[in-house]
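> Model the structure of this input:
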Amino acid sequence: MAEALRNFWPKLVATRRLWMNQYEDYGRSNQLRLATLIGLGGLYYLIHRSGVKKEEKKQLKVKEKQDIVREALGRASVNN
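Got it, this is the predicted structure:
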């Protein structure tokens, strides 16, 4: 974990330096850039999470169908 963080941290700092200019005193553009990055990150998270939930639901339905079939075969005393 620490090794992964050491590899990721310089990329994060470089991105921050690219988007956040320290020499701007008024800071409005920095705030706008930060809000944009947070918004894009939030959208990515929501879209990604939605896809994960859909996949989980799909897997749950398949598992339920398999359980129903196994139960029916068990009641009919047919081996799998």
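> Can you tell me the element K57 falls in?
Following DSSP states H and E, one finds K57 within helix 28-75.
> avg pLDDT for that helix?
Mean pLDDT, helix 28-75: 88.
> Now do that helix: distance to the chain's middle.
8 Å (CA atoms, centre = their mean, to the nearest Å).
> So which elements touch that helix?
If you count contacts as 3 or more CB pairs under 8 Å, 6 or more residues apart in numbering; DSSP states H and E, helix 28-75 packs onto helix 2-19. Yep, even glycine has a C-beta here, placed from its N, CA and C like the rest.
> Next, the angle from the helix it packs on to helix 28-75.
Per axes from the mean of the first three to the mean of the last three CA atoms, to 10 degrees, the angle that helix 2-19 makes with helix 28-75 is 140 degrees.
> List of residues touching helix 2-19?
Contacts to helix 2-19, defined as CB atoms under 8 Å, 6 or more residues apart in numbering, come from residues 30, 33-34, 37.
> Export the residues you listed as a markdown table, with columns for distance to E64 and neighbour count.
What follows is these, written out as a markdown table (distance: CB to CB, whole Å; neighbours: other CB atoms under 10 Å):
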| residue | distance to E64 | neighbour count |
| --- | --- | --- |
| N30 | 51 | 14 |
| R33 | 47 | 14 |
| L34 | 44 | 14 |
| L37 | 41 | 14 |
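> Need phi/psi at A76.
The phi and psi values for A76, taken as degrees, to the nearest 10, are phi -80, psi 0.
> what separates it from V69, distance-wise?
In this view, A76 and V69 are 11 Å apart by CB to CB, to the nearest Å.
> With L32 instead?
56 Å.
> Number of residues surrounding K61?
10 (other CB atoms under 10 Å).
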